[in-house]
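Chemist: below: sequence and its predicted model.
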Amino acid sequence: MLFPTSRVPARPSTPGRRVRQLERRLLAYAGLEDLILLYPVYAVLFAEHGLSTAEVSSLFAIWSLTGLLVEVPSGIWADAVSRRALLIAGPLLTAAGFALWVLLPSYAGFALGFVLWGTGGALRSGAMEALVYEELDRLGAASRYVRLMGRAAAVSMAATAAATAAAGPVFAVGGYGALGVASVAACLLCAVTAAALPEHRDGSPADPAEGTDRRRVRYAGTLTAGLREVRGSRSVRNALVMTVVLSTVWGALDEYIPLLATESGAATQEVPFLALVVWAGVTMGSLLAARAEALSARAMGAVVAAAGAVMAAGALSGAPAGFALLGLAFLAFQLADVLADARLQSAITGPSRATVTSLAGLGTGVATLMMYAAYGAASRHTGHGPLFALFALPYLGVAIALARRPSGCTDDPADAAEAAEAAEINVKRLQ
């Protein structure tokens, strides 16, 4: 298997009631988190209140930078305190941000809303993956991780599509106020769902009453344990890098799909439908991830290389029909993305799972900002089609790296166990 999902064989018995409860609650959380009716129109809201394109771009920068600054600290907090607590707090902060947009529609209100939204998203990042993997592993069902996370991603995308479809009729009835109320309500329900998620930790969480200095020592120990695992485990390090590379390129290119569509001759009213074709592919990639677990490294490398070629062909076609090829390519990228996350979770053995996952999120965030800068600079010299083809090249490098990986290549079990034990002892010593 290319991306094993458990360090020990899963129990052969059928997953019990608690596994099914976890699955239902996670899917509800994923759906409610993206059932945001403000999504398709918030840029229009900003423009209607007098913001220029440069000001709107600065808001996006504030959003991205907030996520980057909070990403790793939130992972440390999730490992040291409670992952479920962060999954509750994230939607509440996001709800407050959306409320500000409607109640205080000004640059300052929009900026503060993005800070709250960026913080809420960062709190979820890392904490969700760590909680789900360890709860499944505790129940002997870690082999279901890929299938569950793939389904969660598909539900999230379906919720976004539903919110997009509902935004127009709701706006016609109640304007931005109605969209804001619906979006805040979805976030509040998401927080309630998070409160129902199970959390069983091997270590003792931090005491809320402990002193500031003691908390700082605990958090520093958690970060040190996470960094030590990345440095000391080749499997973790390789999986982290692969996760960053796989998710960065296509995740950044997604923002430019509308511009590629208009360049290809699509009318404005046709652009959402072409984007929907691409995201249908992404949804299918999420659903098919579990079936691809048994692919060898070389086979997966061939899939990624073919996807890069298909994306380039679709983008260079210069026709709306090429978006079907883009959808097929994004299907493969999303599938590989889900499997890479599963491989990272399986490779982590120490106590700082959310911290390590957040380090991957930080790497993805930084790489995405660099990708935006590179795309923007290159766009002065060529069109979107050639740029999509150019940025397909990194996937050729991914394919080569996968093809060169020896079969069954992992850390020495003794070395991995020693690194994990040292990291755990380090955290406990500082507690």
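Modeler: Arrived safely.
Chemist: next secondary structure element downstream of the helix or strand containing Phe98?
Modeler: Applying DSSP states H and E as the criterion places Phe98 in helix 83-103. Downstream of helix 83-103, the first helix or strand assigned by DSSP H and E is helix 107-124.
Chemist: please state the offset of that next one from the chain centre?
Modeler: 17 Å (C-alpha atoms, centre = their mean, to the nearest Å).
Chemist: go on, stretch 220-236?
Modeler: For stretch 220-236, the distance to the chain centre is 21 Å (C-alpha atoms, centre = their mean).
Chemist: list the buried residues for it?
Modeler: By neighbour count on 16 or more other C-beta atoms under 10 Å, the buried set for stretch 220-236 is 221-230, 232-233, 235-236. In short, each C-beta sits where N, CA and C put it, glycine included.
Chemist: also stretch 166-178?
Modeler: Result for stretch 166-178 [16+ other C-beta under 10 Å]: buried residues Ala167, Val170, Phe171, Tyr176, Ala178.
Chemist: before we move on, back to that, biggest separation within the buried residues of stretch 220-236, which pair?
Modeler: Using C-beta to C-beta, the two most remote members of those are Gly221 and Ser235, lying 22.7 Å apart.
Chemist: show the contacting residues for Ser352.
Modeler: Gly75, Ile76, Asp79, Thr222, Leu223, Ala225, Gly226, Glu229, Ala423, Val427 (C-beta atoms under 8 Å, 6 or more residues apart in numbering).
Chemist: Serialize those to TSV and add fields for distance to Arg20, pLDDT and secondary structure.
Modeler: Formatted as TSV, these follow (distance: C-beta to C-beta, whole Å; pLDDT from 0 to 100; DSSP: H, G, I helix; E, B strand; the rest coil):
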residue	distance to Arg20	pLDDT	secondary structure
Gly75	28	86	helix
Ile76	31	86	helix
Asp79	27	84	helix
Thr222	32	80	helix
Leu223	35	81	helix
Ala225	33	84	helix
Gly226	31	84	helix
Glu229	31	88	helix
Ala423	33	48	helix
Val427	32	46	helix
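Chemist: one step back: among the buried residues of stretch 166-178, which are in strands?
Modeler: Among those, no residue falls in strands (DSSP state E).
Chemist: out of the residues you listed, which is nearest to Ala299?
Modeler: Nearest member of the buried residues of stretch 166-178 to Ala299, counting by C-beta to C-beta, is Ala167, at 40.8 Å.
Chemist: isn't the closest one up against Tyr42?
Modeler: No - using C-beta atoms under 8 Å, Ala167 makes no contact with Tyr42, being 10.1 Å away.
Chemist: picking that back up, which helices and strands sit right next to the helix holding Phe98?
Modeler: helix 17-33, helix 53-80, helix 107-124, helix 127-138, helix 145-195 (3 or more C-beta pairs under 8 Å, 6 or more residues apart in numbering; DSSP states H and E).
Chemist: between the longest one and helix 17-33, how many degrees?
Modeler: This points to helix 145-195. 70 degrees (axes from the mean of the first three to the mean of the last three C-alpha atoms, to 10 degrees).
Chemist: Ala392 and Ala313 touch, don't they?
Modeler: No - using C-beta under 8 Å, Ala392 makes no contact with Ala313, being 9.3 Å away.
Chemist: for those two, indicate the residue with more neighbours.
Modeler: Neighbours per residue, other C-beta atoms under 10 Å: of Ala392 and Ala313, the larger number sits with Ala392, 24 against 17.
Chemist: residue contacts, the more buried one?
Modeler: Gly308, Ala309, Met311, Ala312.
Chemist: how about it, phi and psi?
Modeler: Here is the backbone geometry of Ala392 (degrees, to the nearest 10): phi -80, psi -20.
Chemist: just give the nearest non-adjacent residue to it, would you?
Modeler: Gly308 (4.0 Å; C-beta to C-beta, 6 or more residues apart in numbering).
Chemist: now that neighbour: which helix or strand?
Modeler: helix 297-316.
Chemist: where in the stretch 51-200 of the chain is pLDDT low?
Modeler: 53 (pLDDT under 70).
Chemist: got a list of contacts for stretch 379-389?
Modeler: For stretch 379-389, the external contacting residues (C-beta under 8 Å, 6+ apart) are 253, 256, 259-260, 263-264, 311-312, 314-318, 375, 378.
Chemist: care to break the chain down by domain?
Modeler: The chain breaks down into these domains under automatic domain parsing: 17-205, 232-431.
Chemist: re earlier: from the chain's centroid, how far away is the helix holding Phe98?
Modeler: The answer for helix 83-103 is 17 Å, by C-alpha atoms, centre = their mean.
Chemist: try stretch 327-334
Modeler: 16 Å.
Chemist: what do you get for stretch 389-403?
Modeler: For stretch 389-403, the distance to the chain centre is 21 Å (C-alpha atoms, centre = their mean).
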